[in-house]
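Chemist: what follows is a predicted protein model with its sequence.
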Amino acid sequence: DGVNLVEIAEATGRRTLPAAVTELVRRRDLGRVALTEKEQRIFTTFVLGSVADELRQQLLWSTRQVELMNERLAGIRTSHGIGVEIRWPLAEDASGSAARIEELVRTRASARSVDANAELTELLRARVEEQLRTDPAQGYATALRAALDHRSWHTVEVYILGPTAGERRRISRRARLSQGETRVVSYLALFAAADAFFAGLPDPVALRLILLDDAFAKVDERTIGELMTQLVRLDLDFVMTGHALWGFGPGVPSLDVYEVRRAEGTAAITTRVHWDGTSRHVFG
């Protein structure tokens, strides 16, 4: 009656057109499931075999640096009995998942349970996807790097110790310190951070150099001597600039100072003064 019947022929046989469509839909759905499972396996292997281990190493390294800073600071007190302590807690605005991720990755992969691995994978995936949603154009690699940067999860807090035994205060406007004492606390924290950083480098003979512009402003001469003694104690080399900054004292075994002087309308004159730990030697 003029009706054409269409069949699809393939290696497994012949099918009517509706049956062929049904089979193609079934194969498509199976393919999607298989792809999702493959992606899951790849992501899990990547996260647990690489990202989580790298994150663990970074967390342990950072924690150790803070410990090193406090070990160095433990024996340092100013002439007023002030000491410094560093803490590295999770930031108040850090996502709630950060604490759990840290807890899980601090455990070695070989010691984590299957359930813990599954939870860690899901937490990391969710964090990366959340970061990716904020800017889809940034790319997966950028989102992964930003989402798992553990430094952004933490904050550095500086605490003042003393002068009375057991006294501990977080540095702030309410800490009741003079401007000079506040600067001293800040300098000590800076020195300890530099020392911990250099100590963590793979090359044990790396140059331990810090640069300070207009160093020790509004700090009295005696305290400057104390701070420079601490630089020597921490084995930090330094280059500084400052107004009338000398730094000669018994705690500094060797130092070169260049003073630049110029009267209005005249050329600048540079004088070098070398300190050998006991005496000054002037060179024109």
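Modeler: Nice, thanks for sending it over.

Chemist: gap between Ile82 and Leu177?
Modeler: In this view, Ile82 and Leu177 are 8 Å apart by Cβ to Cβ, to the nearest Å. Where C-beta positions appear, they are placed from N, C-alpha and C, glycine not excepted.

Chemist: now do the shared contacts for those two.
Modeler: Ile160, Val185 (Cβ atoms under 8 Å, 6 or more residues apart in numbering).

Chemist: beta-bridge partners for Leu255, please?
Modeler: Assessed by DSSP bridges, Leu255 has beta-bridge partners Trp275.

Chemist: how far away is it from Asp29?
Modeler: 77 Å.

Chemist: tell me which of those two has more neighbours.
Modeler: The residue with more neighbours, out of Leu255 and Asp29, is Leu255; 19 against 10, by other Cβ atoms under 10 Å.

Chemist: let me know whether that one touches Phe248 as I believe.
Modeler: Yes - under the criterion of Cβ atoms under 8 Å, Leu255 makes contact with Phe248 at 6.7 Å.

Chemist: need the residues touching each of these two.
Modeler: What both Leu255 and Phe248 touch, as defined by Cβ under 8 Å, 6+ apart, is the set Trp275.

Chemist: what is the burial count for Pro18?
Modeler: By the criterion of other Cβ under 10 Å, Pro18 has 8 neighbours.

Chemist: once you drop chain neighbours, what's closest to Asp276?
Modeler: Nearest non-adjacent residue to Asp276, counting by Cβ to Cβ, 6 or more residues apart in numbering: Ser254, 6.3 Å away.

Chemist: got the phi/psi numbers for the one you found?
Modeler: When read as degrees, to the nearest 10, the backbone of Ser254 gives phi -160, psi 140.

Chemist: ditto for Thr271
Modeler: Backbone torsions for Thr271, taken as degrees, to the nearest 10, come to phi -120, psi 130.
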